[in-house]
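[1] quick one, what's the 3D model for this:
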Amino acid sequence: MEAHLKFTAVFEPVAEGGYAAYVEEIPGVNTQGETLEEARENLREALEMVLDVRREMAEADQIGRSIIREEIQLAA
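    Purely as a prediction, here's the structure:
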């Protein structure tokens, strides 16, 4: 079975044109785009970047500590 995480993407039209976008479940994942499709793509990229940076920060904080790291998966 392939595991998938699901998040809620929110898109809101802005007065100046285009869309503001964010992921409800993860603070800091937000962006914008001139079109809805551009906002969707930018949001995917923002989510990937935030998760990568948070992983790197966590790994740096764990240096020298005796820990067990393992992958966790959520089924759809």
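[2] from here on, contacts and neighbour counts on C-alpha atoms
    Noted.
[3] just the element for the most centrally placed residue in the chain, please.
    For the chain, Leu47 is the residue whose C-alpha lies nearest the centre (Cα atoms, centre = their mean; 2.2 Å). Element membership for Leu47 (DSSP states H and E) is helix 36-61.
[4] now that helix: buried residues?
    36, 39-40, 42-44, 46-47, 50 (16 or more other Cα atoms under 10 Å).
[5] and which of these is nearest Ala60?
    Val50 (15.4 Å; Cα to Cα).
[6] what's around the residue nearest to that closest one when sequence neighbours are not counted, how many residues?
    Nearest non-adjacent residue to Val50, counting by Cα to Cα, 6 or more residues apart in numbering: Val29, 6.6 Å away. Applying other Cα atoms under 10 Å, we find 20 residues neighbouring Val29.
[7] for the protein, give me the ranges with low pLDDT.
    Across the chain, the ranges flagged by pLDDT under 70 are 1-3, 76.
[8] now with 80?
    Low-confidence segments of the chain (pLDDT under 80): 1-4, 75-76.
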